[in-house]
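Asker: just to be clear, the model below is a prediction. Sequence and coordinates:
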Amino acid sequence: MSSQQPIHVYNEIGQLNSVLLHCPGAEIENIVPDYLRRLLFDEIAYLKQARKEHAQFAEILENESVEVLYLTDLMAEVLADSQVRQGFLEDFMEEARVGTEGLREALRNFFSAMTPQEMIRKCISGVRTDDLSDIKPKSLGDMVKNPYPFYLDPIPNLYFQRDPFATIGSGVTLNVMDSITRNRETLFPKYLFDHHPRFQNIPRWYNRDKSHPIEGGDQLVLSDKVVAIGLSDRTDAVAIERVARNLFKSDESFETVLAFDIPKTRAYMHLDTVFTMVDHDQFTIYPGIESPLDVYSLSKGKKEDLTMSYEPGKLSSTLKKYLNLPAVNLIRCGDGDLIAAGREQWNDGSNTLAIAPGKVICYDRNYVTNEALRRSGVEVLEFESYELSRGRGGPRCMSMPLHRDKL
Ligand SMILES: NC(=[NH2+])NCCC[C@H](N)C(=O)O
């Protein structure tokens, strides 16, 4: 695929050609109960099984002829350049709030012996206090006793590659994350798009130097004209408007950005936890958001104007109107059973990854929703989901499409 345009995403369902993943690693084993919530986990996953499940996910993709790229491999290629590597480490320590010179120096020494691959993995898994032996105190902070077990926190949410950046058209948004723990993740795509030879001159519709959060789980490219963005627990209206303005200023075909105002709760967190597209006119949806749903539309006006309107109403009417469809089929998470809907939504029953129109990858545990999808003629490819689901994300959250066919 590398001879094609590096980023090409004009829909949610076109044949997927290339995707970015991160297989969970030692960072998962650095989650302890005291810091669980701050790291945005509800439970501690069993790494061996989580990796087995992730391998099944990747295998399904590869069997469908999707090129699977891994963030750690691409980042290792970026860090092979010693100057880039140096700059990255300084930025990473800054992001991780390493404020004292003694510790900075110790970390520089610690990483200097590593290959790029080892270094990137260690940045992700975290540096424990017992990883570093002698820190020469250079600031007060280097002397103060601190029981906290990490110098660099683990980054356990990185296997949710959907969130730190997002592809739209031929460009990306380099996101600002709502939480401190996840914001460090966005440094990886910054370095990727600044330095990797495969991804040069990629337009940016949003940059991580901004202050208003936007996360990729809220960003859905419904068609080459319409992008939907969740106004959610994680994504702010200011950021949505900026993305819309930048898209409309460009040569891209997008004409409308729809902001879907969803409840601000942990279970919903991103738009893609309650709504994903599975076919030209079929969507999975958690019934809790169905109606009334507040929708705001931002449309490309003349010159650089933006037309904004408030369009509350039924989700199905909004989708019909903006996607030019005579009818849409909303396939409900839990298939009409409210208990099953709540249970399966918690484990990402509505979070499907389409790899072609009408063909999706799903967690096997959401069998009620998966059956409903099949009844609607959708082909469902399943994999095991005991452990990956504990991070509160599903197949869409775990993947960032880099290239899809146009429809
Ligand atoms: N696109 C998504 N829905 N991602 C899910 C991310 C889950 C992760 N634990 C978080 O809270 O951020």
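Answerer: Sure, I can see it.
Asker: which residues of the stretch 301-407 of the chain fall in strands?
Answerer: In the stretch 301-407 of the chain, the segments counted as strands under DSSP state E, counting those that start in this stretch are 306-310, 329-332, 353-356, 359-363, 379-383, 400-404.
Asker: got TSV for those, with mean neighbour count, mean pLDDT and distance to Pro137 too?
Answerer: Any C-beta I mention is one placed from the backbone N, CA and C, and that applies to glycine too. Shown next, in TSV, are the strands of the stretch 301-407 of the chain (neighbours: other Cβ atoms under 10 Å; pLDDT from 0 to 100; distance: least, Cβ to Cβ, whole Å):
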stretch	mean neighbour count	mean pLDDT	distance to Pro137
strand 306-310	11	94	54
strand 329-332	18	98	60
strand 353-356	23	98	49
strand 359-363	25	98	49
strand 379-383	18	98	49
strand 400-404	24	98	42
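Asker: and the ones you listed as CSV, adding distance to the ligand?
Answerer: Shown next, in CSV, are the strands of the stretch 301-407 of the chain (distance: least, Cβ to the nearest ligand atom, whole Å):
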stretch, distance to the ligand
strand 306-310, 26
strand 329-332, 18
strand 353-356, 11
strand 359-363, 13
strand 379-383, 17
strand 400-404, 10
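Asker: whichever residue of the chain sits closest to the ligand: what's it in contact with?
Answerer: For the chain, the residue closest to the ligand is Gly217, as judged by Cβ to the nearest ligand atom, at 2.3 Å. Contacts of Gly217 were listed using Cβ atoms under 8 Å, 6 or more residues apart in numbering, and they are 160, 162-163, 230, 234, 269-273, 393, 396-397.
Asker: go again using 6 Å as the cut-off
Answerer: For Gly217, the contacting residues are Arg162, Asp163, His270, Asp272, Cys397, by Cβ atoms under 6 Å, 6 or more residues apart in numbering.
Asker: of these, which is the most crowded?
Answerer: Asp272 (31 neighbours; other Cβ atoms under 10 Å).
Asker: wait, a helix at it?
Answerer: Yes: counting by DSSP: H, G, I helix; E, B strand; the rest coil, Asp272 is found in a helix.
Asker: any idea how this structure splits into domains?
Answerer: Taking automatic domain parsing as the reference, the chain has its domains at 16-70+158-404, 97-152.
Asker: ends of the first one, how far apart?
Answerer: Length of domain 16-70+158-404, first residue to last, Cα to Cα, to the nearest Å: 4 Å.
Asker: isn't Gly230 up against Asp218?
Answerer: Yes: assessed by Cβ atoms under 6 Å, Gly230 is found in contact with Asp218 at 3.5 Å.
Asker: chain center to the helix or strand of the chain with the lowest mean pLDDT, what's the gap?
Answerer: Lowest mean confidence among the helices and strands of the chain (mean pLDDT, DSSP states H and E): helix 140-143, at a mean of 84. Relative to the centre of its chain, helix 140-143 is centred 36 Å away, using Cα atoms, centre = their mean, to the nearest Å.
Asker: pull the most distant pair out of the contacts of Gly217.
Answerer: For those, the farthest-apart pair by Cβ to Cβ is Asp163 and Asp272; their separation is 9.5 Å.
Asker: any idea what sits nearest Asn246, other than its immediate chain neighbours?
Answerer: What sits nearest to Asn246 in space, not counting adjacent residues and going by Cβ to Cβ, 6 or more residues apart in numbering, is Trp205, at 4.4 Å.
Asker: pretty sure that neighbour sits in a strand.
Answerer: Yes: under three-state DSSP, Trp205 falls within a strand.
Asker: what segments of the stretch 51-200 of the chain are strands?
Answerer: Using DSSP E, counting those that start in this stretch, strands in the stretch 51-200 of the chain cover 67-70, 127-128, 150-152, 165-168, 171-174.
Asker: winner for burial among the domains of the chain?
Answerer: Of the domains of the chain, the one with the most neighbours on average (mean count of other Cβ atoms under 10 Å) is domain 16-70+158-404, at a mean of 20.
Asker: work out the gap between that one and the centre of the chain.
Answerer: Computed by Cα atoms, centre = their mean, the chain-centroid distance of domain 16-70+158-404 equals 6 Å.
Asker: now stretch 7-18
Answerer: Worked out by Cα atoms, centre = their mean, stretch 7-18 lies 15 Å from the chain centre.
Asker: if we can go back for a sec, okay if I get the domains of the chain as a markdown table plus distance to Gly87?
Answerer: Below are these laid out as a markdown table (distance: least, Cβ to Cβ, whole Å):
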| stretch | distance to Gly87 |
| --- | --- |
| domain 16-70+158-404 | 8 |
| domain 97-152 | 12 |
